[in-house]
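**Q** predicted coordinates and the sequence they were generated for:
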Amino acid sequence: RHYPSISFVIAFFCLISFTNCCNIWKASECPQPPTADDEEIFKYDLYTREQLFQFCDQGKKYAECVNKRLQCCDLKSEHTGALAAFDVGLQQNGWRLGRYCAGLGGTTIIQYKCKTTTLSPLKTTTTTTSTSSTISPCEVEEAGKECNDILEDRLKFDITWSVQEKIQWCKSVTDYIQCAGKHISNCSISEVRDDVEQLSNFMEYIMKQANLNCH
C-alpha cells in the first residue's frame with residue numbers, strides 16, 4: 001500500500017488553506033511590531049484605551065503576518081538558522097506585548113510550526129498582568145566569534161559587484177543566517193536581550209537585502 005509523500009501532504013495543506021507556505025524571505029517584509037519607544041507610555045500609565053488597542057493590534061498584525069509567511073518552514077532543515085532569527089524577533093515582541101496584550105505572550109506568539117500541534121488563531125484582549133520567561137542557555141558572543149568572518153565585512157549588497165561576487169554574497173548571507181541563528185535559538189533571558197535584539201535586527205536587515213537582490 002502506498003502513502004502520499006510528506007512533500008505532497010505539505011503542498012496539499014498549503015493549497016487548501018490558501019496560504020503561501022514557507023515564504024521565508026517574504027517574512028521580513030511584514031509590518032513592523034511595536035517598538036520599545038511605543039511601550040514607554042505604558043510604563044507610567046500615561047495611555048488611553050485607544051492607544052492600548054492600537055499597540056496590541058499592531059503586534060497582532062505583525063505576529064499573524066510572520067507566522068503566515070513561515071508556515072511549515074520548520075520542516076525544511078535549510079531554514080533552521082533564519083527561523084532562529086525570526087523566533088527571537090517573535091519572542092522579543094511576545095515579551096513586550098505580553099505585558100499588555102493577552103494572547104500575544106512569548107509562549108503563544110510562535111504559531112507557524114508544523115512539527116507540533118497547530119495552535120488556534122491569535123486572539124487578543126488587553127491586560128496589565130506581567131509574565132516571566134523561562135531561563136534558557138544562550139550563546140550570543142559565540143555568534144559573533146564564529147560567524148562574523150563569513151560576510152568578510154560586506155555588510156550591504158553592492159550593485160557594482162561582479163556576477164560572481166553577487167552570487168558569493170548571497171551564499172554568504174545564507175551561511176551567516178544559519179551560523180548566527182543556531183547560537184540564539186534558545187535565547188530568552190533578559191540579561192542578553194539587548195544583544196540578541198541587535199543581532200536579530202542585523203539578521204533581518206541582511207535578509208531583506210537578500211530578498212531584494214538574490215534570485
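**A** Arrived safely, thanks for sending.
**Q** host element of the residue nearest to the spatial centre of the chain?
**A** Centrality entry for the chain: nearest residue to the mean C-alpha point is Phe86, 1.6 Å, by Cα atoms, centre = their mean. Following DSSP states H and E, one finds Phe86 within helix 80-98.
**Q** now that helix: average pLDDT?
**A** For helix 80-98, mean pLDDT is 80.
**Q** return the helix or strand in this structure with minimum mean pLDDT.
**A** Here the helix or strand of the chain ranked lowest by mean pLDDT, DSSP states H and E is helix 6-17, holding a mean of 43.
**Q** next helix or strand past that one?
**A** Next element after helix 6-17 (DSSP H and E): helix 36-43.
**Q** off-centre distance for that following helix?
**A** With Cα atoms, centre = their mean, to the nearest Å as the basis, helix 36-43 stands 21 Å off its chain's centre.
**Q** quick one: that helix to helix 80-98, angle?
**A** Between helix 36-43 and helix 80-98, the angle comes out at 30 degrees (axes from the mean of the first three to the mean of the last three Cα atoms, to 10 degrees).
**Q** next, the buried residues of helix 36-43.
**A** Within helix 36-43, the residues that count as buried by 16 or more other Cβ atoms under 10 Å are Asp38, Phe42. (Glycine included, C-beta is placed from N, CA and C.)
**Q** next one: whichever helix or strand comes after that helix to chain centre, how far?
**A** Sequence order places helix 49-69 as the next helix or strand after helix 36-43, per DSSP H and E. Put simply, helix 49-69 sits 14 Å off its chain's centre (Cα atoms, centre = their mean).
**Q** and the angle for helix 49-69 with helix 80-98?
**A** Going by the same axes, to 10 degrees, helix 49-69 makes 160 degrees with helix 80-98.
**Q** how many other residues sit next to the nearest residue to Leu70 once chain neighbours are set aside?
**A** Leaving aside its sequence neighbours, Leu70 sits nearest to Tyr112 (Cβ to Cβ, 6 or more residues apart in numbering; 3.9 Å). Residues near Tyr112, counting by other Cβ atoms under 10 Å, number 24.
**Q** quick check, Tyr112 in contact with His79.
**A** No - using Cβ atoms under 8 Å, Tyr112 makes no contact with His79, being 10.8 Å away.
**Q** give me the common contacts of those two.
**A** Common contact partners of Tyr112 and His79 (Cβ atoms under 8 Å, 6 or more residues apart in numbering): Cys73.
**Q** and the helix or strand containing Cys179, which residues are buried?
**A** Element membership for Cys179 (DSSP H and E) is helix 163-184. If you call a residue buried by 16+ other Cβ under 10 Å, then helix 163-184 has these buried ones: 166, 169-170, 172-174, 176-184.
**Q** looking at these, which is nearest Pro34?
**A** Ile184 (21.2 Å; Cβ to Cβ).
**Q** list the contacts for that closest one?
**A** Taking Cβ under 8 Å, 6+ apart, one finds Ala84, Ala85, Val88, Cys138, Glu139, Val140, Ala143, Val196, Leu199, Ser200 in contact with Ile184.
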